[in-house]
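Novice: requesting a structural model of the entry that follows:
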Amino acid sequence: MKKLEIIIKPEKLEDLKAVLESSEVNGLNIVNSMGYGNQKGIIKNYRGASYNVTLLPKIKVETVVSDEVAPGLIDKVVDEINTGNFGDGKIFVYDVEDAVRIRTGEHGDKAL
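Specialist: Next comes the predicted model:
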């Protein structure tokens, strides 16, 4: 199993949810967050004054999928979310040793 941690701009959340639903992802967790990447934020102008905004709003979406589903899902997410601009986001992929459904005690892919 693979855990996908997908960090995106907030305005891309509905697009990402549509990709996950079309890929029959069983569950997800969404977290509002703030952060920056290589650019270290952006410069904004307000009433003639410039100021540096270092922490930008982001959305982190986490899901766990089977090993077979992960590569195709990652490709779909990149195709849908990519705008070609800085700040489009990142996907982190982790190995998941086990998952347990508390209600039934099922393990592994059956617990997803």
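Novice: and the longest strand anywhere in the chain, what does it pack onto?
Specialist: Of all segments of type strand in the chain, defined using DSSP state E, the longest is strand 56-65. Here strand 56-65 touches strand 2-8, helix 13-22, strand 29-35, going by 3 or more C-beta pairs under 8 Å, 6 or more residues apart in numbering; DSSP states H and E. Every C-beta, even on glycine, is put in place using the N, C-alpha and C of the backbone.
Novice: mean confidence score for the last one?
Specialist: Spelled out, that is strand 29-35. Across strand 29-35, pLDDT averages out at 93.
Novice: about what we covered before: buried deepest among the helices and strands packed on strand 56-65, which one?
Specialist: Mean neighbour count (mean count of other C-beta atoms under 10 Å) peaks for strand 2-8 among these, with a mean of 19.
Novice: now the angle from that one to strand 29-35?
Specialist: Here strand 2-8 points in a direction 50 degrees away from that of strand 29-35 (axes from the mean of the first three to the mean of the last three C-alpha atoms, to 10 degrees).
Novice: in its sheet, what does strand 2-8 sit against?
Specialist: Sheet partners assigned to strand 2-8 using DSSP bridges are listed as strand 56-65 (antiparallel), strand 90-95 (antiparallel).
Novice: residue contacts, the closest residue in space to Val96 that isn't next to it in sequence?
Specialist: Using C-beta to C-beta, 6 or more residues apart in numbering and skipping residues adjacent in sequence, the residue nearest Val96 is Met1, 4.0 Å away. With contacts defined as C-beta atoms under 8 Å, 6 or more residues apart in numbering, Met1 is in contact with Val64, Val65, Ser66, Asp67, Asp95, Val96, Asp98, Ala99, Gly108, Asp109, Leu112.
Novice: out of those residues, which are buried?
Specialist: Among the contacts of Met1, those classed as buried by 16 or more other C-beta atoms under 10 Å are Val64, Val65, Leu112.
Novice: from Ser66, how far out is the residue nearest to the last one when sequence neighbours are not counted?
Specialist: To tie it back to what came earlier, the one meant is Leu112. Nearest residue to Leu112 in three dimensions, chain neighbours excluded: Asn26, at 5.1 Å (C-beta to C-beta, 6+ apart). Asn26 sits 10 Å away from Ser66, taking C-beta to C-beta, to the nearest Å as the criterion.
Novice: fine, thanks again, bye for now.
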